[in-house]
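Participant: 3D, please:
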Amino acid sequence: MPRNKKHEKRTFFDRLLDSIEYGGNKLPDPIVLFFILCGLTLVASFVTSLFHVSATHPVTGETVVANNLLNGEGLIDILTNMVTNFSTFPALGLVLIVMIGVGLAEQSGFFNAIMKRAVISTPKRLLIPSIILIAIIGNVAGDAGPVVLPPLAATILMAFGYHPLVGLVAAYASTLGAFAANFFLGMSDTLVAGFTGPAGQTVDPSYVANPAMNYYFIAVSAIILLFVAVWVTHKFTIPRFGTYTGEIHEMEKVTQEEKRGLRWAGISTAIFVIAILCLILPENGILRNPETGSIIENSPFISGIVPLLTIFFFIPGLFYGIGAKSIKNSRDFGEMLGKSMATMGPYIVLVFAASQLLAFFASSNLGPIIAIKGADFLNSTGLTGVPLIVMFIIFVAFINLIIGSASAKWAILAPIFVPMFMFLDYHPAFTQAMYRVGDAITNPITPMVPYLVLLLSFARRFDKNIGLGTLIAALFPYTLFFGLFWIIIVVIWYLLGIPVGPEGPVHL
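Facilitator: Model (predicted):
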């Protein structure tokens, strides 16, 4: 049922979201659901292998065959890799490391004090646009964005009188749903270009891809999606969640101890930032790429962004606690760290179940086979122009529900679609831009992105009975309208023939 029952008159879209929420919440608890999906994947691997389902890999030319995970070899693989699947799960270490810094900042009272200051100094009408803008820009930090920003946004908006889940959902959807929109170039630009270049060289051996070739497109997209996300938040998310009835921490005046703690936190953070800048800005800075001097491409700065973010939160949390006297001794310090990590228990259990599912899906080869078969079908339709562009984006968005990794998908799809679109006179940069749109828009709602279970853990801090269906229903409008407006942007870009970036024309 809808979370906000005040409005008796409900639109078709409201009823659609209600149905998504109702159906989603009828599903078992996520941990049970993941185990059920594990079982279904095992059965699917047996059935597809029985019928010798296969596909030809576009890069190596090798035949990708469905693997039976229920035979002797498969069962041994499951048993011997179960611990590794869990311990190497992409989000596990990242989340736990970041939570050391974020947890200390929360437990010491730093977040509470800085939010009280924010309530006093920030106009309410600018708060949601500011959070969404930070979330969109924050995706340049890669996986750290959906870990750090949603709980911060939830707590800040709660202090302003909004339901905390509004901040949680808006920040998560904006970080992941607008993943290919930004004002800055990041690791994802380099990763996708790394696959686009070799794919383009199969048609034109002299072709060279550059990481900035989508920059004009992603920068304009960031501006437009900012307005779209703000509109969706006010139109759907805020009304849907209604008034928060849980415990709300009253925003009292900032005390003298808190002012001193904030002052200490500000000074310590400024020193840390200056130190980092000293390691980045000089041409021979040690956080630059030692060979190219780049700050972004294959640099220690980007590779170490997660530990740097942990320190970024840890330092002000520690010095705030000392200055405000919430940390009086080492025992207080240790207890705060322990409490912050204790809150991650449910998430760790969910990760175990989710890690096995993703491992089974990868070992069975079902993901690559589905992607390759779907690409072959799209290639055989004979469509051109706008219909082909729209279908390609929707196809990638669907594949993204099955294979969460952007680089893994593009490694499979680039050798198929980059040459195909080149033969139709489309430049590889434009094909890459289309791919990145489809790859981003369904990120908020796919369970193949490991942060959805983390989002559920965050949400249950504010509503212990919330189900996955409620979250997906709240995230769905962002996916829908991001997709709608982004496709319109791509079509307009195509019709006007505007370059998507430096050395990135629409047509060859």
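Participant: The residue nearest to residue 190 when sequence neighbours are not counted and residue 15, how far apart?
Facilitator: Nearest non-adjacent residue to residue 190, counting by CB to CB, 6 or more residues apart in numbering: residue 211, 4.5 Å away. Every C-beta, even on glycine, is put in place using the N, C-alpha and C of the backbone. From residue 211 across to residue 15, the span is 44 Å (CB to CB, to the nearest Å).
Participant: Compare those two (neighbour count), which wins?
Facilitator: More neighbours surround residue 211 than the other of residue 211 and residue 15, with 23 against 11 (other CB atoms under 10 Å).
Participant: Excluding sequence neighbours, find me the nearest residue to residue 75.
Facilitator: residue 69 (7.5 Å).
Participant: which residues touch the one you found?
Facilitator: Counting by CB atoms under 8 Å, 6 or more residues apart in numbering, residue 69 touches 41-42, 45-46, 75, 77-78, 360, 363-364.
Participant: and if we set it to 6 Å?
Facilitator: Going by CB atoms under 6 Å, 6 or more residues apart in numbering, residue 69 touches 42, 45, 364.
Participant: Looking at these, which is nearest residue 101?
Facilitator: residue 364 (37.4 Å; CB to CB).
Participant: burial measure for the nearest residue to the closest one once chain neighbours are set aside, as a count.
Facilitator: Excluding the flanking residues, the one nearest residue 364 by CB to CB, 6+ apart is residue 45, at 3.8 Å. Using other CB under 10 Å, the number of residues around residue 45 comes to 24.
Participant: cool, the one 3 residues further on as well?
Facilitator: Applying the criterion other CB under 10 Å, we find 19 residues in the vicinity of residue 48.
Participant: Which strand or helix spans it?
Facilitator: helix 30-50 (DSSP states H and E).
Participant: again with residue 349
Facilitator: Here residue 349 is assigned to helix 345-364, by DSSP H and E.
Participant: Give the other helices and strands that whatever helix or strand residue 76 lives in contacts.
Facilitator: In the assignment (DSSP H and E), residue 76 maps to helix 72-87. Helices and strands touching helix 72-87, by 3 or more CB pairs under 6 Å, 6 or more residues apart in numbering; DSSP states H and E, are helix 345-364.
Participant: other SSEs contacting the helix it packs on?
Facilitator: Helix 345-364 packs on helix 30-50, helix 72-87, helix 451-459, going by 3+ CB pairs under 6 Å, 6+ apart.
Participant: These into a markdown table, with extra columns for distance to residue 96?
Facilitator: Shown next, in a markdown table, are the helices and strands packed on helix 345-364 (distance: least, CB to CB, whole Å):
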| stretch | distance to residue 96 |
| --- | --- |
| helix 30-50 | 18 |
| helix 72-87 | 11 |
| helix 451-459 | 11 |
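Participant: circling back: each with direction, which strands does the helix or strand following the helix holding residue 48 pair with?
Facilitator: Using DSSP H and E, the helix or strand that follows helix 30-50 in sequence is strand 54-56. Using DSSP bridges, the strands paired with strand 54-56 are strand 63-65 (antiparallel).
Participant: buried stuff in the partner strand?
Facilitator: Of the residues in strand 63-65, those with enough neighbours to count as buried (16 or more other CB atoms under 10 Å) are residue 64.
Participant: which parts of stretch 279-292 are buried?
Facilitator: Buried residues in stretch 279-292 (16+ other CB under 10 Å): 285, 287-289.
Participant: Closest to residue 461 out of these?
Facilitator: Nearest member of the buried residues of stretch 279-292 to residue 461, counting by CB to CB, is residue 287, at 34.4 Å.
Participant: for the helix or strand harbouring residue 492, the distance to its chain's centre please.
Facilitator: For residue 492, the enclosing helix or strand under DSSP H and E is helix 468-496. Offset of helix 468-496 from its chain centre (CA atoms, centre = their mean, to the nearest Å): 15 Å.
Participant: Ok, stretch 66-83 next?
Facilitator: With CA atoms, centre = their mean, you get 30 Å for stretch 66-83.
Participant: mean confidence score for stretch 208-222?
Facilitator: Averaging pLDDT along stretch 208-222 yields 88.
Participant: do stretch 93-103 as well
Facilitator: 78.
Participant: about what we covered before: kindly export the helix holding residue 349 (C-alpha atoms) in CSV.
Facilitator: Output in CSV follows, covering the C-alpha atoms of helix 345-364 (Å, rounded to 0.1, in the frame of the first residue of the first chain):
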residue,chain,number,x,y,z
GLY,A,345,25.5,-6.4,10.8
PRO,A,346,22.3,-6.8,8.7
TYR,A,347,24.1,-5.5,5.6
ILE,A,348,26.9,-8.1,6.0
VAL,A,349,24.4,-10.9,6.1
LEU,A,350,22.7,-9.6,3.0
VAL,A,351,26.1,-9.3,1.2
PHE,A,352,26.7,-13.0,1.8
ALA,A,353,23.5,-14.0,0.0
ALA,A,354,23.9,-11.5,-2.8
SER,A,355,27.6,-12.4,-3.4
GLN,A,356,26.7,-16.0,-3.9
LEU,A,357,23.9,-15.1,-6.4
LEU,A,358,26.2,-12.9,-8.5
ALA,A,359,29.0,-15.6,-8.4
PHE,A,360,26.5,-18.3,-9.6
PHE,A,361,25.3,-16.0,-12.4
ALA,A,362,28.8,-15.3,-13.6
SER,A,363,30.0,-19.0,-13.3
SER,A,364,26.9,-20.2,-15.3
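Participant: That one: which residues count as buried?
Facilitator: Of the residues in helix 345-364, those buried (16+ other CB under 10 Å) are 346-347, 350-364.
Participant: same check, this time on stretch 439-453
Facilitator: Buried, per 16+ other CB under 10 Å, within stretch 439-453: 439-453.
Participant: same thing with stretch 75-82?
Facilitator: Applying 16+ other CB under 10 Å to stretch 75-82 flags 77-78 as buried.
Participant: Next, residue 183: secondary structure please.
Facilitator: coil (DSSP: H, G, I helix; E, B strand; the rest coil).
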